[in-house]
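>>> got a structure for you, letters missing:
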């Protein structure tokens, strides 16, 4: 029995279907606001603060391994109500919360491990989603674009110690947006506003790389169809990711869309 701790996005559905095809038994701890996985058997709706309830369910069902998959919106900690076990761990969680999302995940993983529950890689059952190619199509990039990508990678590495987001939007060397708690798609939209404000003629580039020391078992950067659509709408001409450390969802649809729009996705 494997436990799935799931949030928003299409990725959990893909993992669930793979487990069903492989006849692997699983249960779902659903952290989504609208309980979107209730149709599945062995699905439990939980709040992010119900850590004790989560551990209790996993132990009762003899789940020794769990997978984190999907997005969970970072809440306002002052408004949260914690269950008894979460309150026990609250001092540790509060310290991690102040440091950023990555540190919160690391602390939660430690807590599960202390309760003899191991976190395994979300791609264990779907390795084909990991983007290992140099490029998704034959669109060529210019030297000035390569320089922008190098700068973007450097910015993400430099900001890793602050546990800031995984994405940067750059236009000919100028930084238009750095991802914050709101996520990649919102950073893309912010970049469009600046592009319009300063009447930039050239298109921008999105660089999406994992932060230094990021736990890729639970937080693998992901590019989906909506992200590519948002980029195209935001006057972005391509995305650069780190090879073998990024998920590509709906790959066939993305390939068709990138070809129609002369849009590149490369890995470094």
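All right, it came through fine. As the structure is a prediction and not an experimental result, all values here were calculated from the model.
>>> Residue 175 belongs to a strand?
Yes - the assignment for residue 175 by DSSP: H, G, I helix; E, B strand; the rest coil puts it in a strand.
>>> check contacts around it.
Under the criterion of CB atoms under 8 Å, 6 or more residues apart in numbering, the neighbours of residue 175 are 151, 155, 168, 169. Just so you know, the C-beta spots here come from the backbone N, C-alpha and C atoms, and that holds for glycine as well.
>>> and what of residue 185?
226, 227, 230.
>>> Please tell me how far it sits from residue 214.
Separation of residue 185 from residue 214 (CB to CB, to the nearest Å): 19 Å.
>>> Save the contacts of residue 185 as JSON lines, and put in neighbour count too.
Shown next, in JSON lines, are these (neighbours: other CB atoms under 10 Å):
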{"residue": "226", "neighbour count": "14"}
{"residue": "227", "neighbour count": "22"}
{"residue": "230", "neighbour count": "20"}
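>>> neighbours of the nearest residue to residue 68 once chain neighbours are set aside, just the number please.
Excluding the flanking residues, the one nearest residue 68 by CB to CB, 6 or more residues apart in numbering is residue 218, at 3.9 Å. Residues within reach of residue 218, counting by other CB atoms under 10 Å, total 20.
>>> Which residues are in contact with residue 218?
68, 105, 109, 119, 122.
>>> In helices only, show me these.
Judged by DSSP state H, the subset of the contacts of residue 218 located in helices is 105, 109.
>>> Which one of the contacts of residue 218 is nearest to residue 244?
Using CB to CB, residue 122 is the member of the contacts of residue 218 that lies nearest residue 244, at 14.3 Å.
>>> where in the chain is pLDDT low?
Scanning the chain for pLDDT under 70 picks out 73-81, 98-102.
>>> Please, where are all the strands along it?
2-6, 26-30, 43-45, 65-69, 118-119, 167-171, 174-178, 204-208, 222-223, 236-241, 247-248, 264-267 (DSSP state E).
>>> Dump those to TSV, plus distance to residue 138.
Putting those into TSV (distance: least, CB to CB, whole Å) gives the following:
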stretch	distance to residue 138
strand 2-6	36
strand 26-30	39
strand 43-45	43
strand 65-69	32
strand 118-119	38
strand 167-171	23
strand 174-178	27
strand 204-208	18
strand 222-223	18
strand 236-241	13
strand 247-248	17
strand 264-267	9
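>>> now residue 49: how far from residue 108?
Taken as CB to CB, the span from residue 49 to residue 108 is 12 Å.
>>> Tell me which of the two has more neighbours.
residue 108 (21 against 18).
>>> of all the contacts of residue 175, which comes closest to residue 262?
Taking CB to CB as the measure, residue 262 sits nearest to residue 169 out of the contacts of residue 175, at 18.2 Å.
>>> Contact partners for the closest one?
Per CB under 8 Å, 6+ apart, neighbours of residue 169: 175-178, 187-188, 190-191, 204-207, 234, 236.
>>> Report the two of the contacts of residue 175 separated the most.
Most distant of the contacts of residue 175, by CB to CB, are 151 and 169, 11.5 Å apart.
>>> hang on, the earlier thing: what about the contacts of residue 169, which one has the most neighbours?
Neighbour tally across the contacts of residue 169 (other CB under 10 Å): the maximum, 30 neighbours, falls on residue 206.
>>> so who does the residue nearest the centre of the chain touch?
Closest residue to the average C-alpha location of the chain: residue 221 at 4.6 Å, with CA atoms, centre = their mean. Neighbour list for residue 221: 166, 208, 209, 210, 241, 242, 245, 246, 247 [criterion: CB under 8 Å, 6+ apart].
>>> which one is the first one nearest to, not counting chain neighbours?
The spatial neighbour of residue 166 that comes closest, neighbours along the chain excluded (CB to CB, 6+ apart), is residue 221 at 5.1 Å.
>>> With residue 110 as the reference, measure out to that neighbour.
Distance, residue 221 to residue 110, using CB to CB: 22 Å.
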